[in-house]
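K.L.:
structure for this input, please:
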Amino acid sequence: MRCIYCLKKQKTEVINSREIRRGYATWRRRACSACKRIFTTKESPVADNLFFIKRNGSRQRFVYEKLFASIFAVLNFGKKRDNGRDARLAKKIADRIVNQLFVRAEKKDISTQKVIELVYVDLKKINQAFANSYASYSEYRIKTLLQKGLMRIPEIYR
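P.N.:
Predicted coordinates for the structure are as follows:
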């Protein structure tokens with residue numbers, strides 16, 4: 001880690017370290033071995049190195065904005081909605097999903113089905129209507145959730 005004061009790439013000693021944003025990022029207090037000054041860093045994983053396995057087997061780079069937009073569109077539907085509040089909630093949900101994806105990425109490749117499942121479950125905790133709206137966006141989402149047993153077809157449609 002490069003010291004922000006002397007700009008030398010010396011070893012820095014971690015004095016204190018804490019998880020922030022529910023484990024999604026880490027706050028660290030560091031001391032430079034060259035100039036002895038103390039500075040703070042906030043470190044979080046970069047989602048640029050996440051890849052998804054698509055239905056056809058191809059790999060696609062993770063795009064945080066796509067995830068955020070799909071969640072925000074569900075939360076911000078209807079009249080007299082508070083865009084700021086909905087955007088903050090969408091960001092909070094998207095950050096939780098990304099955090100879960102980083103944990104899973106160490107074990108195996110991530111599929112789009114897993115992302116759909118994680119978003120649906122998270123939205124369901126907030127409001128069933130949001131979760132159903134998210135699922136109804138595409139036929140693929142509905143099929144995925146039905147296969148996973150997270151969603152059921154109502155009796156009147158069977």
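
K.L.:
wait, Leu75 sits on Lys92?
P.N.:
No. Distance between Leu75 and Lys92: 10.4 Å, which falls outside the contact criterion (C-beta atoms under 8 Å). The way it works is simple: take the backbone N, C-alpha and C, and place the C-beta from them, glycine included.

K.L.:
these two: which has the busier surroundings?
P.N.:
Between Leu75 and Lys92, Leu75 has the larger neighbour count (other C-beta atoms under 10 Å), namely 23 against 14.

K.L.:
now do the contacts for that one.
P.N.:
Contacts for Leu75 were tallied using C-beta atoms under 8 Å, 6 or more residues apart in numbering; they are 81, 86, 89-90, 130.

K.L.:
give me the subset of those residues lying in helices.
P.N.:
Secondary structure defined by DSSP state H assigns 86, 89-90, 130 of the contacts of Leu75 to helices.

K.L.:
output the host helix or strand of Ile116 as PDB, nothing but the C-alphas.
P.N.:
Element membership for Ile116, per DSSP states H and E: helix 112-126. In PDB, the C-alpha atoms belonging to helix 112-126 read as follows (Å, rounded to 0.1, in the frame of the first residue of the first chain):
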ATOM      1  CA  THR A 112     -27.700 -15.700 -13.900                       C
ATOM      2  CA  GLN A 113     -30.200 -18.000 -12.200                       C
ATOM      3  CA  LYS A 114     -28.500 -17.500  -8.900                       C
ATOM      4  CA  VAL A 115     -28.700 -13.700  -9.200                       C
ATOM      5  CA  ILE A 116     -32.400 -13.900 -10.000                       C
ATOM      6  CA  GLU A 117     -32.900 -16.100  -7.000                       C
ATOM      7  CA  LEU A 118     -31.000 -13.800  -4.700                       C
ATOM      8  CA  VAL A 119     -32.800 -10.700  -5.800                       C
ATOM      9  CA  TYR A 120     -36.200 -12.300  -5.600                       C
ATOM     10  CA  VAL A 121     -35.600 -13.600  -2.000                       C
ATOM     11  CA  ASP A 122     -34.300 -10.200  -0.900                       C
ATOM     12  CA  LEU A 123     -37.300  -8.300  -2.500                       C
ATOM     13  CA  LYS A 124     -39.700 -10.900  -1.000                       C
ATOM     14  CA  LYS A 125     -38.400  -9.900   2.500                       C
ATOM     15  CA  ILE A 126     -39.400  -6.300   1.900                       C
END
